[in-house]
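Visitor: Below: sequence and its predicted model.
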Amino acid sequence: MDERMRFVIRLKDGESMASLCGKFGISRKTGYKIFERHEQCGPEGLSDRTRRPYRYARQLPEPAEAAIIRAKRALSPVLHRTSQVISGRRAFKS
């Protein structure tokens, strides 16, 4: 964060974006991104941000997930016995 702050200070002092980005070893796109974050959020905007997604596209809503889990648990004893009969580990009782 200190290096980003130095970057912004030097940019505000009048150095050009291209020369600063070259000195700091970053692309101009990254330089503009750092500057925009500082303008929008102040010094707090210069800290690292998480890369974790805010949401997952394929994740089920909580109620749907809970309903599926309840259904699986309700069927679990039946499915367990059925799989044992199919695999031959348990004799089928009529």
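Guide: Nice, thanks for sending it over. Numbering: from 1, shown residues only.
Visitor: So residue 46 versus residue 17, what's the distance?
Guide: Using C-beta to C-beta, to the nearest Å, residue 46 is found at 16 Å from residue 17. All C-beta spots, glycine's among them, are computed from the backbone N, C-alpha and C.
Visitor: More neighbours: which of those two?
Guide: Neighbours were counted for residue 46 and for residue 17 using other C-beta atoms under 10 Å; residue 46 has more, 19 against 13.
Visitor: dump the residue contacts of that one.
Guide: Going by C-beta atoms under 8 Å, 6 or more residues apart in numbering, residue 46 touches 1, 4-5, 8, 34, 37-38.
Visitor: Per-residue pLDDT of it, please?
Guide: Note for residue 46: predicted pLDDT of 88.
Visitor: Pull up the gap between it and residue 12, please.
Guide: Distance, residue 46 to residue 12, by C-beta to C-beta: 13 Å.
Visitor: Can you find the helix or strand in this structure with the smallest mean pLDDT?
Guide: helix 62-87 (a mean of 77; mean pLDDT, DSSP states H and E).
Visitor: element containing residue 35, please.
Guide: Assigned by DSSP states H and E, residue 35 belongs to helix 28-41.
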